[in-house]
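**Q** Predicted structure and sequence below. I'll ask about it afterward.
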Amino acid sequence: MILAQSTAEPYPTGISVMAILLSAALTDNILLARFLGMCPFLSISRHLKSAFGMGLAVLFVITCTCVLNYWVYMYLLVPLKPYGVPAESLMLILFIIVIAAFVQLMEMLIERISVTLYYSLGIFLPLITVNCAILGASLFMVTNVTGRGFGTLDVLVFGFGSGLGWFIAIMLMAGIRHRLRTAKIPAALEGPGITLIITGIMAMAFVIFQGMIKLP
Amino acid sequence: MVLLAAAAASGLTAVLAALLLLAERYLANYGEVTLDINQGARTLEVPGGETLLATLMGQGIFIPSACGGKGTCAYCKVKVLDGAGPMSPTEEPLLSDAEVADNVRISCQCKVRNDMVIEVPEELFRVRAYRGRVERLRDLTHDIKELRIGLIEPERIEFTPGQYIQLQAPPYGKQRESVFRAYSMSNPPADDRAVETIIRLVPGGICTTWVFTVLAEGDEVDFTGPYGDFRLSDSDREMVWIAGGSGMAPFWSIIRYMRAQNLRRPCTYFFGAVQKRDLFLTDELNQFAQEHDWFTFVPALSAPAEDDDWDGETGLITEVVDRHVQDAADKEIYLCGSPGMIDAAIAVIKPKGVTDDRIFYDKFA
């Protein structure tokens, strides 16, 4: 059943924004459907508290860097295309630089504003720079911009949706692992083994959403 | 085209770098703050933004640290009564509940962001940074060396026998950072223009490898000290000393001090080793035992080699102590060695009647 349809206009209607959000968070879940950002997912999903902090940090960074990288793409790379500058190759490097700088700035800002927030969330920020989900979301954003004509609002919602999907996935995993503490797991599978198996099962479950939301 | 691409990339990077520099100047800048130490005994005006450990070390107050600020050794505990901010998650696993309630913090993980009120043990004010020159570096056994450092600046060191120094191993070979490691002083306090230590080579150890492979006589070294509260008690009770390997160091200082002061406290020294080649200073200690009737030396080998020709005590040091000491009710026990050896020895000696307040140990060997 198709819930909502995007019309790919420069200024989308409300329904299609919902479609973008849900497809980014559920159908095309950046972790369970695209398998990006597995490293911190496996290591930090042990405890609910740290999973929450990490999830929020990823959500925040993906949302902001998607918008920032959209501006870099639209206002730096696209105008240079006529001169022969290969936007698709250059954006890989530029996006990483923007992400790294953004994360550094955020760390300094958060430490200044609230030390408590810094200790619960800020310590994950240096880990996020190399989280491939962040770069992945930015690159998917570009294919959406070139393919579907996303605008700034769409990109914002797309980034937020991707981060939300990652957040949902890590919280689910943390909850499951919490339950697994009293379960008998074969010694060879303890730790990453059983976690990957569970991730696979979760990914299969998320396939349910495949037919529900379609972005043309 | 390539030029344009490179220009675009460099341009963006330059803008971001400028932003970061600005942020570091205005956001990460914590200005000058006041540190109130020991209820106003000392007040320091320091720039904020660094860890408490680094700030205090920069002001000449040498808080002990073995891991160099990485948050693993927990040596650098300082009481912060006000201004510490929330506890960092890296501090929590290193502090007990009692310590947390007492406002103890791990100073290498605690950042100075505003005015603070702290308490530092008085002894640490006597700790100084010393520069010395290696006067003697000789082998005692196949894996233990004695290092004698003559003092350059300051010229003299004041300490109680049993204390230790933190020796600085500079970057060498693949080791890019300097580290500090604690070693007990083995010279008596009367010998105050030098510091002697007994160092055993630890496989893969950063500082010991430096001492054994790089350091040479005539080299200049840096260390801080004196630290520690492992020392003789004020009483007259009979003593039992238990040590192994480089754990000999504080006792070698204490025994020479006792001789100089004519302290005739009866004591029995149990020294454990594996084979005869692991024993050292045996002749000197045997001579001590002959000259002074209050001192008894009991070396023990746990696995003597066939050609050792050993007719002394055999077995683990804990077994030997078990055999020799029957009633420990009125005795004091002093231990220096690995945590494993110390725990095992205490387990053996406690059933013999000694109370907790009469057991003293130095656990870092």
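**A** Cool, the structure landed.
**Q** all contacts plus neighbour counts: C-alpha atoms, from now on.
**A** Fine.
**Q** Could you list every helix and strand that the lowest-mean-pLDDT helix or strand in chain A packs against?
**A** Counting by mean pLDDT, DSSP states H and E, the weakest-scoring helix or strand in chain A turns out to be helix A:14-22, with a mean of 78. Contacts defined by 3 or more Cα pairs under 8 Å, 6 or more residues apart in numbering or on different chains; DSSP states H and E place helix A:14-22 against helix A:152-180.
**Q** starting at the chain centroid, how far to the helix it packs on?
**A** Helix A:152-180 sits 7 Å away from the centroid of its parent chain (Cα atoms, centre = their mean, to the nearest Å).
**Q** repeat for stretch B:290-301
**A** That offset, for stretch B:290-301, works out to 27 Å (Cα atoms, centre = their mean).
**Q** Export only the CA atoms of it, formatted as PDB.
**A** C-alpha atoms of stretch B:290-301 as PDB (Å, rounded to 0.1, in the frame of the first residue of the first chain):
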ATOM      1  CA  GLN B 290      76.400 -11.600  61.200                       C
ATOM      2  CA  GLU B 291      77.200  -8.200  62.500                       C
ATOM      3  CA  HIS B 292      73.900  -7.400  64.000                       C
ATOM      4  CA  ASP B 293      72.000  -9.800  66.200                       C
ATOM      5  CA  TRP B 294      68.700  -8.100  65.700                       C
ATOM      6  CA  PHE B 295      68.600  -8.800  62.000                       C
ATOM      7  CA  THR B 296      68.000 -12.200  60.400                       C
ATOM      8  CA  PHE B 297      68.200 -12.800  56.600                       C
ATOM      9  CA  VAL B 298      66.200 -15.600  55.100                       C
ATOM     10  CA  PRO B 299      66.600 -15.900  51.300                       C
ATOM     11  CA  ALA B 300      64.400 -18.600  49.700                       C
ATOM     12  CA  LEU B 301      64.500 -20.100  46.300                       C
END
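**Q** Rounded mean pLDDT for that stretch, please.
**A** Averaged across stretch B:290-301, pLDDT comes to 91.
**Q** Once you drop chain neighbours, what's closest to the residue nearest the centre of chain B?
**A** In chain B, the residue lying closest to the centroid (Cα atoms, centre = their mean) is B:Ala182, at 2.8 Å. The spatially closest residue to B:Ala182, leaving aside those adjacent along the chain, is B:Gln166, at 4.4 Å (Cα to Cα, 6 or more residues apart in numbering or on different chains).
**Q** distance between the strand or helix carrying the one you found and the chain's centre?
**A** Per DSSP states H and E: B:Gln166 is located in strand B:164-169. Computed by Cα atoms, centre = their mean, the separation of strand B:164-169 from the middle of its chain amounts to 7 Å.
**Q** Strand partners (parallel or antiparallel) of that strand?
**A** strand B:179-184 (antiparallel), strand B:220-227 (antiparallel) (DSSP bridges).
**Q** ok so, going back, which residues belonging to the least confident helix or strand of chain A are considered buried?
**A** By neighbour count with 16 or more other Cα atoms under 10 Å in any protein chain shown, helix A:14-22 contains the buried residues A:Ser16, A:Val17, A:Met18, A:Ala19, A:Ile20, A:Leu21, A:Leu22.
**Q** and of the residues you listed, the nearest to B:Val33?
**A** A:Leu21 (47.1 Å; Cα to Cα).
**Q** just checking, what packs against whichever strand in chain B runs longest?
**A** For chain B, the longest strand by residue count, based on DSSP state E, is strand B:128-139. For strand B:128-139, the packing partners by 3+ Cα pairs under 8 Å, 6+ apart come out as strand B:144-153, strand B:220-227.
**Q** who does it pair up with?
**A** In its sheet, strand B:128-139 lies beside strand B:144-153 (antiparallel), strand B:220-227 (antiparallel), with partners assigned from DSSP bridges.
**Q** Can you tell me what sits against the last one?
**A** Residues outside strand B:220-227 that contact it (Cα atoms under 8 Å, 6 or more residues apart in numbering or on different chains) are B:62, B:64, B:123-124, B:126-134, B:158-159, B:163-168.
**Q** can you give me the helices for the chain?
**A** The chain I'm using is chain A. Here chain A has its helices, by DSSP state H, at A:14-22, A:38-44, A:48-72, A:78-80, A:87-113, A:115-120, A:125-128, A:132-148, A:152-180, A:192-206.
**Q** ah, I was thinking of chain B
**A** Remark: helices assigned in chain B by DSSP H are B:2-26, B:52-58, B:97-101, B:206-213, B:248-261, B:282-291, B:317-324, B:339-349.
**Q** For residue 139, which non-adjacent residue is spatially closest?
**A** No chain specified, so I'll use chain A. Going by Cα to Cα, 6+ apart, A:Leu139 has A:Leu92 as its nearest residue, at 7.9 Å.
**Q** wrong one, chain B
**A** Nearest residue to B:Asp139, sequence neighbours excluded (Cα to Cα, 6+ apart): B:Lys145, at 4.4 Å.
**Q** Run a quick neighbour tally on that neighbour.
**A** The local packing of B:Lys145 (other Cα atoms under 10 Å in any protein chain shown) involves 21 other residues.
**Q** give the contact list for the closest residue to chain A within the stretch 201-350 of chain B.
**A** As assessed by Cα to the nearest Cα, chain A sits closest to B:Ile206 within the stretch 201-350 of chain B, at 28.1 Å. Residues in contact with B:Ile206 (Cα under 8 Å, 6+ apart) are B:Ala169, B:Gln175, B:Val179.
**Q** Give me the local confidence score for the residue nearest to B:Asp139.
**A** Value for B:Lys145, per-residue pLDDT: 93.
**Q** Next: the one 5 residues further on.
**A** Looking at B:Gly150, its pLDDT stands at 94.
**Q** So it is in contact with B:Arg133, correct?
**A** Yes. Here B:Gly150 reaches B:Arg133: they are 5.2 Å apart, a contact under Cα atoms under 8 Å.
**Q** Between these two, point out the one with more neighbours.
**A** Between B:Gly150 and B:Arg133, counted using other Cα under 10 Å, the more crowded position is B:Gly150 (22 against 19).
**Q** re the thing from before, roughly how far does the residue nearest to B:Ala182 sit from chain A?
**A** Separation of B:Gln166 from chain A (Cα to the nearest Cα, to the nearest Å): 31 Å.
**Q** now swap in B:Arg358 and tell me
**A** 42 Å.
**Q** How about A:Ile194: what's its closest non-neighbour residue?
**A** Going by Cα to Cα, 6+ apart, A:Ile194 has A:Ile185 as its nearest residue, at 7.9 Å.
**Q** And for A:Tyr83?
**A** Nearest residue to A:Tyr83, sequence neighbours excluded (Cα to Cα, 6+ apart): B:Met1, at 6.5 Å.
**Q** Report pLDDT for that neighbour.
**A** 74.
**Q** count of residues packed around it?
**A** That count, for B:Met1 with other Cα under 10 Å as the rule, works out to 13.
**Q** show me what contacts it?
**A** Applying Cα under 8 Å, 6+ apart, we find B:Met1 in contact with A:Tyr83, A:Gly84, A:Val85.
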